[in-house]
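K.L.:
can you look at this prediction? I've put the sequence above it.
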Amino acid sequence: MQEERIVTIDDRISADEAYGLACQGTALLWRGDYHNARQLLTALSNRADRRSGKAGRKASGRPVDPAAVFHLPRAQRARTLGALLVELDGNYRLDLPRAPDVRQACREAFGPAEGPRRVSLQTLLGIIGAHEWRRKGLEIAALGGRIHPHYGVFAPIRNEYVALVANTPLPALTAACSVAFDIGTGTGVLAAVLARRGIRRVVATDSDPRAIACAVENIDRLGLNPVVAVEQANLFPAGRAALIVCNPPWLPARPTSSIEQALYDPDSQMLHGFLNALGAHLEPEGEGWLILSDLAEHLGLRARAALLEAFAAAHLTVLGREDIQPRHPKAADASDPLHRARAAEITSLWRLGARAAGI
């Protein structure tokens, strides 16, 4: 941001004044009490949500299609909330009244300190939350253990997709050829589940160095190093496997921040990359497991017909499908503008096979 568009504020500013400045593109450098800054961020978020809610309603007061709500300017909302800044000193110390010690959390997210920096409070709160997840870990029933996510790596808090991989019957071929690939492994949770299920060799790949470091750490914690190999790769490793699993980002839209990259897949690039190369990496009679929510369909971002056409274009056939309903709190939150879509959402494990040439 340009320096002349930054104003210094403190506890005396009203939420309405701060929101007006943020909407105009002015950055707000906070110098007051830390907890008051958090309250101000909540107030900004509430005002942004109310604005989105009003824009997403017809004159009759009835909600429009969820796609119209989703397509409201997400980037504008992100810019508005990202306008509230705090300053860290050269050691990542946050010098505000009642501020927590954020130094270790910031080192995990940014690496070694290289001097003072300004960061949005929203980003800092995400960093603090990620640090707590990394420190405490998330209990994964299918593993009988914990996964410790790193900042910027998708955390398996929605365990329904993990349950699908844990409970779907393994392909018969894995009895003779016990090799599996986990494409876009993230924390390594699905690779670990496959190893716990008895797959004797799992190759887990990711293109993000953060994810690689996270997966390596988790596989080591779980004692699965003899079974799971973690490799940095753009989708597939070398060779073929009897089972190839992929849980790509579910929404074909552009992320508004780096932390959203695990949630959004612009133009479905990863999805199509996986599908188009799957057949070349499957053993004959092997299976590809695509874990995908249909939320994008309920939001009007992708049609079911388009997904099926993508399977056909990649010369894949659907061998079966396992479905599970969401269990996360937003699915039951009627105040969420996207409630109808979230309540109807189904997460599916598509069992895909390579179609023979000429068929």
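P.N.:
Looks like it came in fine. Residues are numbered from 1 along each chain as shown.
K.L.:
so what sits opposite Asp182 in the bridge?
P.N.:
Ala204, Val245 (DSSP bridges).
K.L.:
so it makes contact with Ile199?
P.N.:
No. Using Cβ atoms under 8 Å, Asp182 makes no contact with Ile199, being 9.8 Å away. Heads up, the C-betas are built off the backbone N, CA and C, glycines and all.
K.L.:
compare the two (neighbour count), which wins?
P.N.:
Asp182 (32 against 22; other Cβ atoms under 10 Å).
K.L.:
what's near enough to touch that one?
P.N.:
By Cβ atoms under 8 Å, 6 or more residues apart in numbering, Asp182 lies in contact with 188, 190-191, 194, 202-205, 245-246.
K.L.:
give me phi/psi at Tyr264?
P.N.:
Per-residue torsions, Tyr264: phi -120, psi 130 (degrees, to the nearest 10).
K.L.:
could you report the neighbour count for it?
P.N.:
17.
K.L.:
His150 now?
P.N.:
Neighbours around His150, by other Cβ under 10 Å: 23.
K.L.:
A helix includes it, no?
P.N.:
No. With DSSP: H, G, I helix; E, B strand; the rest coil as the criterion, His150 is located in coil rather than a helix.
K.L.:
can you check the pLDDT for it?
P.N.:
Note on His150: pLDDT of 95.
K.L.:
pretty sure it contacts Arg134?
P.N.:
Yes. Using Cβ under 8 Å, His150 is in contact with Arg134, at 5.8 Å.
K.L.:
okay, and the common contacts of those two?
P.N.:
Joint contacts of His150 and Arg134 (Cβ under 8 Å, 6+ apart) are Glu108.
K.L.:
most surrounded residue in the contacts of Asp182?
P.N.:
Ala204 (33 neighbours).
K.L.:
buried residues in the longest strand anywhere in the chain, which are they?
P.N.:
When the chain is scanned for its longest strand (criterion: DSSP state E), the result is strand 282-293. By 16 or more other Cβ atoms under 10 Å, the buried positions in strand 282-293 come out as 282-283, 286-293.
K.L.:
now do Phe154 against Arg93, distance only.
P.N.:
29 Å (Cβ to Cβ, to the nearest Å).
K.L.:
look at the closest residue to Leu316 other than its chain neighbours and say how many residues are nearby.
P.N.:
Computed as Cβ to Cβ, 6 or more residues apart in numbering, the closest residue to Leu316 that is not its neighbour in sequence is Leu352, at 4.6 Å. Residues near Leu352, counting by other Cβ under 10 Å, number 25.
K.L.:
can you map out the strands along this protein?
P.N.:
All strands of the chain, identified by DSSP E, fall at 6-9, 27-30, 84-88, 117-120, 138-140, 145-147, 179-183, 201-206, 228-232, 241-246, 282-293, 316-324, 347-354.
K.L.:
got the contact list for Thr174?
P.N.:
180, 199, 242-243.
K.L.:
strand 316-324 and the longest strand of the chain, what's the angle between them?
P.N.:
Relative orientation of strand 282-293 versus strand 316-324 (axes from the mean of the first three to the mean of the last three Cα atoms, to 10 degrees): 40 degrees.
K.L.:
so for strand 282-293, mean pLDDT?
P.N.:
Strand 282-293 comes out at a mean pLDDT of 95.
K.L.:
good, we can wrap up now.
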